[in-house]
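Undergrad: Okay, here's the prediction I keep looking at, along with the sequence it came from:
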Amino acid sequence: MRAHHRHYPYRPPRKIFLKAPRDLYTRFLRDYLSPHWGKILVAFLLIGMNACGPYLMAFYGQIIVDDILSIDTGGKAAVITDGDRSWAGHRPAPASKRPRQGLGRRLDAAELPARSPEAGRQLFVMFILYIGSIVGLNYLARIAQRQSIRVSRDVALSMRDDMHKKIMDLSLRFHQTTTPGRLLSRITSDVDVIQNQTMQAVMLGSRSIFMLIIGFFILFIIDWRIGVAFLLVAPVYGLLYRHFKEGIRFLNRELRHTNSCLYGLVTQKIEGVKATQAYGREGLERLNLHRLCACFLRDSVNEQGKTAALQSWGRVVSGMTSSLIFLFAVHLVLNHELTLGEMLFVHGTVANLFMPILELTQLSIIINGMQVTLGRMMDVLTTQPEIVEAPDAKPVPRPLTRGIRAHDVSFSYGEGGEEDVLKSIELWVPAGSWLCLMGASGCGKSTMLFLLSRLYQPRRGRIRYDDVPLEKISMASLRENVGFVPQTPQIFSGTIRDNITYGKPDASPAEIMRAAKMAEMHDVILDMPVQYETVVGERGTSLSGGQRQRLALARALLTDPEILLLDDCTSALDAATEKKIQETLAANLRGRTAVIASQRVSMARRCDQIAVLENGVISEIGSHDQLVKNGGFYARLNARQTEG
Amino acid sequence: MPLPSSDNPTLWTFFRPHVGKLIIVLILTLILSILVMLPPLLIRAVIDKVATEGRQGLFLPLGLCIAAAPLITAFCQYLQTLGIAYLGQRFVFDIRVGVYNHLLTMSLRFFSDNSTGKLVNRIMGDTGTVQRTITGQSIGVVSDLACAAFAISATFVLNWRMAILLLLVVIGFVINYRLNIQRIKKATKGYRGAMDRLSGGIQNRLLANVAVKSFGTEGREQRLFQAESGASIALATEAAVTSADFSMNSQLLQQVGRISLYFVGCAFVLNGKMTYGDVVAFTTYTLQLLGPAVRFSELIRMVQEVRIAVDRIFDIFREKPEITDQPGAVHVDRLKGEVIFEKVQFYYEPGHPVIKNFSLTVAPGQTVALIGPTGCGKSTILNLVTRFYDVRGGRLLMDGTDIQDIKLRSLRRQFGIVLQEPLLFDVSISENIRYGRPAATPEDIQAAARAAEIHEYITTLPDGYDTIVGSEGVDMSLGQKQRLTIARAIAADPAILIMDEATSALDSESEAAIQRAMNRILKGRTSFIVAHRLSTIRNADVIVLLKDGHIFEKGNHEELMAVDGGYYRELYEKFMGKGVMEEDKA
């Protein structure tokens, strides 16, 4: 039902995927299944053959009844089937009336059972045949199962790979609009779901298709009227399925969405637990989770209800059809048109034939579910990275001879429509000089640095390193030569050493220590229990803000970049340390080109140029002395910071 | 919500509220099992009475019964499925909410010891496994039990020799189970562990994606991921192969057993010791006994999986919150704000003291500025005042009461907190501001936003105060987020204000504006500020200079400046020109 509403905090409306489902499956088939078509085919055939075991058994049963035991009449249904799975409703399980006397009572004028004297030997031969086919089929199915496990493993592996790679490749814009928790659930649990569903689809598909074809064949051979009757019933299933499909699919989508929202919610709340506890809002958080979980509960009970309804209707149809066919067959036996063995064979076949039809509906539900999950995954996989490498990409000019130039650069974070964050920026940073970007928070300093490091792409305008446009520079060379230190330091769980050597894993201990010393981090590290091998937790929570910033700085310095982009990266440091860092940077990085966003006049004074950004435009630019004279934003800032 | 509130919940705690409904479903299942036994009896009657004895008059009524049976059965099955679905979902719902609620009571130490990815996996992944098994598997159990019981008694009535043979086959099942279960268990556990590591790794990369991008290490991260992913999938395959083998063994045993019995039966028929009808009946019952046996062993495998998942979930329940209400803790309404530190000591790890013998008396309404070099313990003091951590020695008194004797909830209500890193949630701006005081009116919210100098910005947003914050919502700068958390603290109207003075990300102009607002809200409130702005420091009633975990110098600005050769004076003179002295979080 769509009756209850689903608008809760932390559950934004579900994205509607516009991709046609057919495209999804074609992509999935082409990219992930087709490399394994051989294995899939083998699994398909073998599992299908194993599935026809019940018919074989019913056939053996008929031979035994009619030819060996020569029971041509009597009140027993000698149907041996294997239909014991998932179809508890209608096992062909006729109970015996246990005739204690009068074995072989006759229906018509037949004489005593003409039992062959060879019967014992024949029975033994049949037994051997029987067991042989069972063991053979089992062995084949085993092989097939392994195949399909392997295939689904490979599919999962390559899907996960692709998803992760895609996510790594996607630009910053994507990451800033997507919750990590949700992406995580796509890589882990969605792929798990796809893996299981692929395997189930192969198993169910092959089984039901084989059983259907062979079953029909048997029915038509024994009596064409029964075959036709059965053919007439099949479309009823189609109608039933159509009726329920939309609702189930809708609920499935909502369910997966709620699930990923739950992941997002829980992740965020665990990270923000300090705020929750500090304000004592555990109650509210309980309510938030409770609401989402309840939404999930309602939808999944609904979904299961619908699925159960579909299956129950299916059972009604199949149960009634097989009863009617049975009664019809009895009628034929009464008219001497069928032998008892044949009748029982028909009955067994019909009973077994409904199982694959039920399984087909199940299969379509599975495929339906797959569509939802696939849609979510393909949504990630088909997102185009905004920033791609040009085919004729060149390396960063090193040494930089002329400098960095930004020409008419405009940028906005949204899809367009809203006001630009940066408007027609013109900047020139001569090679070897330092530029300080200043301005109120939200004025676009960080954005400018993102653009200069090509983590974002300008909406209009062009940035050049010397003469080379930024978009013509190879990513590898850009990342190697440009050291970017973000405002919020990003720490990986791992050792201090891992964190420093992140950009240059093969750095020697001497280099590492040099970088740490330049960032004034070395002494701090030496105070730690195992120094450079100290493990820092996720997000570096065991470090102080200042330590994290210095670690991030050391990481950038280690790579010895030609161009340095620092985003207010010493803000959490005490003044003494900050001053020391400024001095070391000045001593060691003179001659390198740097753009530094800062709030501090002390930093600005060390730079050759200072640019003040206000409302996305450069309102002032020049040296410290010039700007102080200017009497604008910078002069006010200078006055405030120096007066104390 | 009948949520289990027991201190040490077990699975039973979560089952208990649903026992009534469970019993109804079980009864339904029993009825169903009997219904399932009916059609074969009807069919037999048709064969015997109608086909064999030629009593054509019975054909119509019996035929109607046969045709009607599926209708009733299907209806019962529908009800049963719904019942089970609801129970399974509800059960897991309770566990999920329970784990989450438990997590909310855990202390900070727990969260720094356990990665977010791991905890999320427990709450979401493991509970999901439990739910799938319950809804998927539990229906079969009861009907299987009923069928099996019926089948066992029937086989013994029919032919005890063959019944014993049948029991041998069942023993085969048990052996098969014993042989495989340990391997399956191990593989499953290994797989879940590998998934934990995999999730942790992805989480790590996603959180630090700016670093990944700016160093261009996507390729390396991809290889790391592939290694983790390969390891987890290898374990998953092992688990899948082991259980596939196991179920194929069961299937083979079932079929071979049934066929052997069928042929032994046929041999008895040839000898005239049994009728063919007996054989058919026997094989049918064999099916009803062995079918459940196959499912049971599958079920046991599932149960293993669930047990592992449940273990991992209850691991969290077994973790006890470190900081809890003492027996006899008192509720406080609103503190005046007197805070006394008595020889307070603290360490995160034994042997590494962070705070040593810290004594300080803060009168109500005083502003305390904590200054000192990086790592000197300033933020630790804040964590002690808010009781995120408990003191390891000495006492911390508020209005004369040891804070460990104050009910935690009422204690936390006293604070307004602004941290260095803004913790905002993905809800509307007004919800975020209201977070500390749910009863705040729209006017209160606006007033707080104005005081934090964020009102102007909010009104420029298309949805104003209803704008959703966070990854799916509006993109805010760090400074704007920080001002929102300040607005949140202001709106909470706290007795004690805690600020890890986080103005580094603020531009100087709004910093100055916030300064004005702060002066207003600091008035009449005890405040602890890890300060770096000289103006804050100078205006503070008490300036505490911390060094290596103890108080190095203490006093107000004038007093400290009067100390000749004092450290504070030296610092102050040095940073006069900068406007800012320091800020750090220990």
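TA: Cool, the structure landed.

Undergrad: Check residue 476 and give its pLDDT.
TA: If you meant another chain, say so; for now it's chain A. pLDDT, residue A:476: 77.

Undergrad: not quite, I wanted chain B
TA: 73.

Undergrad: The one 4 residues further on too?
TA: pLDDT recorded at residue B:480 is 77.

Undergrad: Can you name the element that comes right after the helix or strand where it lies?
TA: In this assignment (DSSP states H and E), residue B:480 forms part of helix B:478-491. Per DSSP H and E, helix B:478-491 leads on to strand B:496-500 as the next helix or strand towards the C-terminus.

Undergrad: Hmm, residue A:311 is touching residue A:361, no?
TA: Yes - in terms of Cβ atoms under 8 Å, residue A:311 counts as a neighbour of residue A:361; the distance is 7.3 Å. Bear in mind the C-beta positions are built from the backbone N, C-alpha and C, glycine included.

Undergrad: secondary structure class for the residue most central in space within chain B?
TA: Chain B has residue B:123 as the residue nearest its centroid, 3.1 Å off, counting by Cα atoms, centre = their mean. Using DSSP: H, G, I helix; E, B strand; the rest coil, the structure places residue B:123 in helix.

Undergrad: That one touches residue A:266, doesn't it?
TA: Yes - Residue B:123 lies in contact with residue A:266 (Cβ under 8 Å); the separation is 5.3 Å.

Undergrad: The residue of the stretch 51-200 of chain B found nearest chain A is in what secondary structure piece?
TA: In the stretch 51-200 of chain B, no residue comes nearer to chain A than residue B:70, which is 2.4 Å away by Cβ to the nearest Cβ. Element membership of residue B:70, judged by DSSP H and E, is helix B:59-105.

Undergrad: what about the longest helix along chain B, distance to the chain center?
TA: The helix that spans the most residues within chain B, counting by DSSP state H, is helix B:218-270. Helix B:218-270 sits 32 Å away from the centroid of its parent chain (Cα atoms, centre = their mean, to the nearest Å).

Undergrad: tell me what that helix is packed against?
TA: helix A:119-169, helix B:160-207, helix B:276-318 (3 or more Cβ pairs under 8 Å, 6 or more residues apart in numbering or on different chains; DSSP states H and E).

Undergrad: Can you check what angle separates that helix from helix A:119-169?
TA: 170 degrees (axes from the mean of the first three to the mean of the last three Cα atoms, to 10 degrees).

Undergrad: Can you list the residue ranges for strands in the stretch 451-600 of chain A?
TA: For the stretch 451-600 of chain A, the strands defined by DSSP state E, counting those that start in this stretch occupy A:460-465, A:468-469, A:482-485, A:494-495, A:535-536, A:563-567, A:593-597.

Undergrad: average pLDDT for the fifth one?
TA: Spelled out, it's strand A:535-536. Mean pLDDT, strand A:535-536: 76.

Undergrad: partners of it in the sheet?
TA: Applying DSSP bridges to the sheet, strand A:535-536 is found paired with strand A:494-495 (antiparallel).

Undergrad: which residues sit against the strand it pairs with?
TA: By Cβ atoms under 8 Å, 6 or more residues apart in numbering or on different chains, the residues outside strand A:494-495 that reach it are A:532-536.

Undergrad: try stretch A:580-592
TA: A:432, A:517-520, A:550, A:553, A:561-564, A:570, A:573, A:602-603, A:606.

Undergrad: Show me which of those are buried.
TA: A:432, A:518-520, A:550, A:553, A:561-564, A:570, A:573, A:602-603, A:606 (16 or more other Cβ atoms under 10 Å in any protein chain shown).

Undergrad: just checking, which of those residues belong to helices?
TA: A:518, A:550, A:553, A:602-603.

Undergrad: now, which of those sits nearest residue A:278?
TA: residue A:550 (27.0 Å; Cβ to Cβ).

Undergrad: Per-residue pLDDT of residue B:202, please?
TA: For residue B:202, pLDDT reads 78.

Undergrad: what about it, neighbour count?
TA: Neighbour count for residue B:202, taken as other Cβ atoms under 10 Å in any protein chain shown: 25.

Undergrad: my read: it touches residue B:115, true?
TA: No - using Cβ under 8 Å, residue B:202 is not in contact with residue B:115, being 11.2 Å away.

Undergrad: For whichever residue of the stretch 451-586 of chain B sits closest to chain A, grab the count of nearby residues.
TA: Nearest residue of the stretch 451-586 of chain B to chain A: residue B:479, at 2.6 Å (Cβ to the nearest Cβ). The local packing of residue B:479 (other Cβ under 10 Å) involves 28 other residues.

Undergrad: and what of the one 10 residues further on?
TA: Burial of residue B:489 is recorded as 28 neighbouring residues (other Cβ under 10 Å).

Undergrad: thinking again about what came up before, show me just the buried residues among the contacts of strand A:494-495.
TA: A:532, A:534, A:536.

Undergrad: any chance you could map the strands in the stretch 301-450 of chain A?
TA: A:403-411, A:422-430, A:434-439.

Undergrad: residues in contact with the residue nearest to the centre of chain B?
TA: Contacts of residue B:123 (Cβ under 8 Å, 6+ apart): A:266, B:96, B:99-100, B:103.

Undergrad: Have a look at the residues you listed and tell me the least confident one.
TA: residue B:103 (81).

Undergrad: And residue A:589, how close does it get to residue B:262?
TA: 88 Å (Cβ to Cβ, to the nearest Å).

Undergrad: Please see if stretch A:328-342 touches chain B.
TA: Yes - judged by Cβ under 8 Å from any Cβ of the partner chain, stretch A:328-342 comes into contact with chain B through A:330, A:333-334.

Undergrad: so residue B:361, which of the three states?
TA: Residue B:361 ends up strand, using three-state DSSP.

Undergrad: who does it bridge with?
TA: Here residue B:361, judged by DSSP bridges, has bridge partners residue B:340.

Undergrad: Hmm, residue B:340 and it touching each other?
TA: Yes - Residue B:361 is within contact range of residue B:340, at 5.0 Å (criterion: Cβ under 8 Å).

Undergrad: which residue does the stretch 251-400 of chain A bring closest to chain B?
TA: Closest point on the stretch 251-400 of chain A to chain B, by Cβ to the nearest Cβ, is residue A:319, at 2.4 Å.

Undergrad: The stretch 451-586 of chain B: strands as residue ranges?
TA: Going by DSSP E, counting those that start in this stretch, the stretch 451-586 of chain B shows strands at B:496-500, B:526-530, B:542-547, B:550-555.

Undergrad: So which elements touch the helix or strand harbouring residue B:379?
TA: Using DSSP H and E, residue B:379 sits within helix B:378-385. Contact partners of helix B:378-385 among helices and strands, from 3+ Cβ pairs under 8 Å, 6+ apart: strand B:339-347, strand B:353-362, strand B:367-371, strand B:496-500, strand B:526-530.

Undergrad: Stretch A:613-628: end-to-end distance?
TA: Stretch A:613-628 has an end-to-end distance of 16 Å (criterion: Cα to Cα, to the nearest Å).

Undergrad: what do you get for stretch B:400-414?
TA: From start residue to end residue, stretch B:400-414 stretches across 15 Å - Cα to Cα.

Undergrad: tell me which residues of it are tucked away?
TA: B:401, B:403-406, B:408, B:410-414.

Undergrad: any idea which of those residues is the one closest to chain A?
TA: residue B:412 (4.2 Å).

Undergrad: pretty sure residue B:135 is touching residue B:90, no?
TA: No - counting by Cβ under 8 Å, residue B:135 stays clear of residue B:90, with 10.6 Å between them.

Undergrad: Return the residues in contact with residue A:376.
TA: When contacts are taken as Cβ under 8 Å, 6+ apart, residue A:376 is in contact with A:17, A:186, A:190, A:256, A:260.

Undergrad: Adding pLDDT and secondary structure, write those out as TSV.
TA: Below are these laid out as TSV (pLDDT from 0 to 100; DSSP: H, G, I helix; E, B strand; the rest coil):
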residue	pLDDT	secondary structure
A:17	56	coil
A:186	77	helix
A:190	79	helix
A:256	82	helix
A:260	81	helix
